[in-house]
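Asks: here is a sequence together with a model predicted from it:
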Amino acid sequence: MFHHQLVLGLKRFFYGARGEPYRIGGRTLRYLPGTGPVRTRYARSRNNNARYDALQTLWLSAHLNEGDAALDIGAHSGVYTILMAARCGHTGQVVAFEPDPYARELLAKNVALNPEIKGPTVEGCACSDEIGEGTLFSRGGNSQSSLVRSAVEFSPAHHSEEIWVPTVTLDSYISEHHLRVPRCVKIDAEGAEIRILKGATQLLASDADIVCELHPYAWNAFGNTFTELKQLAAAAGRRIHYLDQDAEIGDRPEYGTVLLERCS
């Protein structure tokens, strides 16, 4: 922890207001130190978190092009939002959903560090299976803000702030805002992923490519099960497999990033 804080402090001193540069897909993107993507050289890392994050960066970079539309659900500080906006270009369209106001502040700063890209539309609502409202549990904008307390407070020492947020379904949002079918959709919602997909059956039935981070440890608190996820995928003619594997997911899902890939 001390080493990490030391490196972060040095980066903040060195890069200052310019932001830390990341070379991705032929473009140099900039982020506040500590908020950028995992370097793509970690795509073969034995650390699951680092490997999946690096693979996700490579996947998005390879699947988005000028003029595409993309959705970033659970955008946090804009790690992938910035990449999406750079790849989709000035004729494309990117919408980022981030209900945590602290994380949105970081996202806005990272967008400002990249003035050459077309800024994304940023929504402060949470995606779910119903239109309404909910309580977001936040620990100051860290990457684990969630609509259930247990996904944020892992021990008695973890205290979260309760924030009221509106909720929308992806299908209703896309329809009401007359959005084109997205080329790519990224979902990282700390356990709410099944609820989000239940509110996105039309999106699932489309040709959109969907990459989703799974948080099975939080599903019980959300009232969801792996069976529901498999049923949603099957009904849409999709298969589920981890980003670093070709085989379909087994019967015991673990934390990781999956593709909800259309069956040929």
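Replies: Looks like it came in fine.
Asks: outside of stretch 222-242, which residues touch it?
Replies: 147-148, 191-195, 197-198, 201, 204-205, 210, 214, 216, 219, 247-249, 251, 253, 256-263 (C-beta atoms under 8 Å, 6 or more residues apart in numbering). The way it works is simple: take the backbone N, C-alpha and C, and place the C-beta from them, glycine included.
Asks: to clarify, my last question referred to stretch 195-210.
Replies: Contacts for stretch 195-210 (C-beta under 8 Å, 6+ apart): 63, 73, 127-130, 168-172, 174-175, 181-185, 187, 189, 212, 222, 224, 228-229, 232-233, 235-238, 259-262.
Asks: buried stuff in the longest helix anywhere in the chain?
Replies: Counting residues, the longest helix in the chain under DSSP state H turns out to be helix 48-63. By 16 or more other C-beta atoms under 10 Å, the buried positions in helix 48-63 come out as A50, R51, Y52, D53, A54, L55, Q56, T57, W59, L60, S61.
Asks: and the residue nearest to S160 when sequence neighbours are not counted, what helix or strand is that in?
Replies: In space, and not counting its chain neighbours, S160 is closest to F137: 4.1 Å by C-beta to C-beta, 6 or more residues apart in numbering. For F137, the element it lies in under DSSP states H and E is strand 132-138.
Asks: ok, then the element right after that strand?
Replies: strand 161-168.
Asks: alpha carbons of the helix or strand following that following strand, as CSV, please.
Replies: Using DSSP H and E, the helix or strand that follows strand 161-168 in sequence is helix 170-176. What follows is helix 170-176, C-alpha atoms only, in CSV (Å, rounded to 0.1, in the frame of the first residue of the first chain):
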residue,chain,number,x,y,z
LEU,A,170,-31.6,0.6,-21.0
ASP,A,171,-34.4,-0.2,-23.4
SER,A,172,-36.5,2.8,-22.2
TYR,A,173,-33.5,5.1,-22.4
ILE,A,174,-32.5,4.1,-25.9
SER,A,175,-36.1,4.4,-27.1
GLU,A,176,-36.8,7.8,-25.4
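Asks: which of the residues in helix 170-176 are buried?
Replies: L170, D171, Y173, I174.
Asks: could I get the phi/psi values of the nearest residue to the first one once chain neighbours are set aside?
Replies: Translated: L170. In space, and not counting its chain neighbours, L170 is closest to A200: 3.9 Å by C-beta to C-beta, 6+ apart. The phi/psi pair for A200 (degrees, to the nearest 10) reads phi -140, psi 40.
Asks: how close does A200 get to L55?
Replies: Going from A200 to L55 by C-beta to C-beta, to the nearest Å gives 23 Å.
Asks: again, but for R18
Replies: Between R18 and L55 the distance is 28 Å, computed by C-beta to C-beta.
Asks: next one: H177
Replies: Distance, H177 to L55, using C-beta to C-beta: 30 Å.
Asks: which residues touch S146?
Replies: So S146 contacts L136, F137, V152, A189, E190, G191, A192, A218 (C-beta under 8 Å, 6+ apart).
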